[in-house]
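A.B. asks: Pasted the sequence and its predicted model underneath.
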Amino acid sequence: MSHSGLEADDYAAYDRPGKRTRPRTKDRPDYSTAEIGMIITIDRGRYRTLVHDREVTATKARQLGRAGVIVGDRVRIVGDTTGEEGTLARIVGVEERRTVLRRTADDDDPFERPIVANADQLVIVTALADPPPRTGMIDRILVAGFDAGITPLLCLTKADLASPEELLAAYEPLGVAVVVVSPGSDLTDVRVALSGHRSVFVGHSGVGKSTLVNALIPGARRAIGDVNQVTGRGRQTSTSAIALLLPGGDGWVIDTPGVRSFGLSHVSRERIIAAFGDLSEFAQDCPRGCTHGLEAPECALDDAVERGELSPVRLASFRRMITSGQ
Ligand SMILES: Nc1nc2c(ncn2[C@@H]2O[C@H](COP(=O)(O)OP(=O)(O)OP(=O)(O)O)[C@@H](O)[C@H]2O)c(=O)[nH]1
Ligand SMILES: [Mg+2]
Ligand SMILES: [Zn+2]
């Protein structure tokens, strides 16, 4: 890499006068004095980054190449980080991610689309009506969460329009926590579930993600869509992901644009079973290469059900997950 794209202050950190006679040409500049920030939102190549308590606008430094920077990333940032009007800092590195939530547009799409970094809770927002719930979609987002090692929370909205009973019954055997909301409802359960976490809200367009974010965070002012327009044309109201701090600094909520599909071509069966702690223990007795599917010969999960050690409903739910992850 050449130094030509870098500016003088890039060197200030390491290039102490007298230490070297010629500038290095091969070594990377030492950015150990760079500040650390968190990506809040991205808009047309501009990265809004929280650095301590300052909101700094930054661009990606050229040496990052095509490396992706996504919302939730912790980044190293240099240059003018005052955050003052008109200033532009540079992102020179991305810290290792603890988690990455990703999807592909469809199951044959080889391109992963990372959505959010470092979230530890995946809130699957699903309307009970308008648009109607699709368990296939919930399952697929669940699988993506299991794959990424992010704890899921199912959030059922619009309980004023339809009863949550059927969905509660469907997800109980999976052991997924569920909260139910409607306009003006008591949000204590939701706040408790979000407290201390970095939660990413994911779901179909028009399910009420931004409505809920606004109810939880005074001043969030996320635009709310007209549901008929949204469902009719599949257009999202929210167009980019944004991280918002909960009142009192008690965690982060990341609102994302609605998704129409949730491709899973990147997901591995091993990682799904690893997410089902109780099942992976039984699966150790499976024949090598067992798919654990309904047709899998001598799958030890079937034996566990026969012995009464595993609930058939739980096994069926797991099989539904691996089928949607295929
Ligand atoms: N009846 C009812 N309507 C709701 C509820 N929550 C949200 N809505 C309506 O649903 C529509 C869509 O809400 P949004 O919050 O914009 O949905 P979103 O999930 O953020 O949508 P995208 O940004 O497009 O992904 C709006 O008209 C809201 O007023 C609810 O609990 N009950
Ligand atoms: Mg929205
Ligand atoms: Zn098996």
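C.D. replies: Looks like it came in fine. Ligands and ions are numbered 1, 2, ... in the order given.

A.B. asks: okay but Ile254 is in contact with Lys209, surely?
C.D. replies: No: in terms of Cβ atoms under 8 Å, Ile254 does not count as a neighbour of Lys209; the distance is 9.9 Å. Using the backbone N, CA and C atoms, a C-beta is placed for each residue, glycine as well.

A.B. asks: what's the helix or strand harbouring Tyr47 in contact with?
C.D. replies: Applying DSSP states H and E as the criterion places Tyr47 in strand 46-51. The contact list for strand 46-51 (Cβ atoms under 8 Å, 6 or more residues apart in numbering) reads 35-42, 55-60, 69, 75, 77, 81, 83, 89, 91.

A.B. asks: distance of Lys158 from Ser238?
C.D. replies: When distances are taken as Cβ to Cβ, to the nearest Å, Lys158 and Ser238 turn out to be 17 Å apart.

A.B. asks: Looking at these two, which is more packed in?
C.D. replies: When Lys158 is set against Ser238 and neighbours are counted by other Cβ atoms under 10 Å, the residue ahead is Lys158, at 23 against 19.

A.B. asks: My guess is that one contacts Ala127. True?
C.D. replies: Yes: counting by Cβ under 8 Å, Lys158 does reach Ala127; the two are 4.5 Å apart.

A.B. asks: Common neighbours of the two, please.
C.D. replies: Joint contacts of Lys158 and Ala127 (Cβ under 8 Å, 6+ apart) are 207-208.

A.B. asks: returning to what we had before: give me the more crowded residue out of Ile254 and Lys209.
C.D. replies: Neighbour count, other Cβ under 10 Å: between Ile254 and Lys209, Lys209 has more, with 30 against 27.

A.B. asks: show me the contacts for that one.
C.D. replies: Contacts for Lys209 (Cβ under 8 Å, 6+ apart) come out as 125, 201-203, 238, 255-256, 258.

A.B. asks: which parts of this protein sit against ligand 3?
C.D. replies: Residues of the chain that fall close to ligand 3, judged by Cβ under 5 Å from the ion: 286, 290, 292, 299.

A.B. asks: May I ask which two of the residues you listed are separated the most?
C.D. replies: Cys286 and His292 (6.7 Å; Cβ to Cβ).

A.B. asks: Quickly list what's touching both of those two.
C.D. replies: When contacts are counted by Cβ under 8 Å, 6+ apart, Cys286 and His292 have 299, 301 as shared neighbours.

A.B. asks: Between those two, which is the more surrounded one?
C.D. replies: His292 (22 against 19).

A.B. asks: Tell me the secondary structure of Val75, please.
C.D. replies: With DSSP: H, G, I helix; E, B strand; the rest coil as the basis, the three-state label of Val75 is strand.

A.B. asks: How many residues are close by it?
C.D. replies: Using other Cβ under 10 Å, Val75 is surrounded by 25 other residues.

A.B. asks: Got phi/psi on the nearest residue to Gly145 once chain neighbours are set aside?
C.D. replies: The spatially closest residue to Gly145, leaving aside those adjacent along the chain, is Leu122, at 4.0 Å (Cβ to Cβ, 6 or more residues apart in numbering). Leu122 has phi and psi values of phi -110, psi 110 when expressed as degrees, to the nearest 10.

A.B. asks: got the residues of the stretch 101-250 of the chain near ligand 2?
C.D. replies: Proximity of the stretch 101-250 of the chain to ligand 2 (Cβ under 5 Å from the ion) is limited to residues 209-210, 237-238.

A.B. asks: one step back: got any residues that touch both of Ile254 and Lys209?
C.D. replies: With Cβ under 8 Å, 6+ apart as the test, Ile254 and Lys209 both reach Phe201.

A.B. asks: Strands of the stretch 1-150 of the chain, residue ranges please.
C.D. replies: In the stretch 1-150 of the chain, the segments counted as strands under DSSP state E, counting those that start in this stretch are 35-43, 46-51, 54-60, 74-79, 89-94, 100-104, 112-117, 121-127.

A.B. asks: Just send the ones you listed back as TSV, with mean pLDDT too.
C.D. replies: TSV is the format used below for the strands of the stretch 1-150 of the chain (pLDDT from 0 to 100):
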stretch	mean pLDDT
strand 35-43	96
strand 46-51	96
strand 54-60	96
strand 74-79	96
strand 89-94	95
strand 100-104	88
strand 112-117	88
strand 121-127	98
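
A.B. asks: Of those, flag the one that's most buried.
C.D. replies: When the strands of the stretch 1-150 of the chain are scored by mean count of other Cβ atoms under 10 Å, the highest mean neighbour count falls to strand 121-127 (a mean of 26).

A.B. asks: Which residues does it contact?
C.D. replies: Taking contacts as Cβ under 8 Å, 6+ apart, the residues outside strand 121-127 that touch it are 101, 133-134, 137-138, 141-142, 144-145, 148, 150-158, 161, 167, 193-194, 197-204, 206-209, 212.

A.B. asks: Understood, closing this out.
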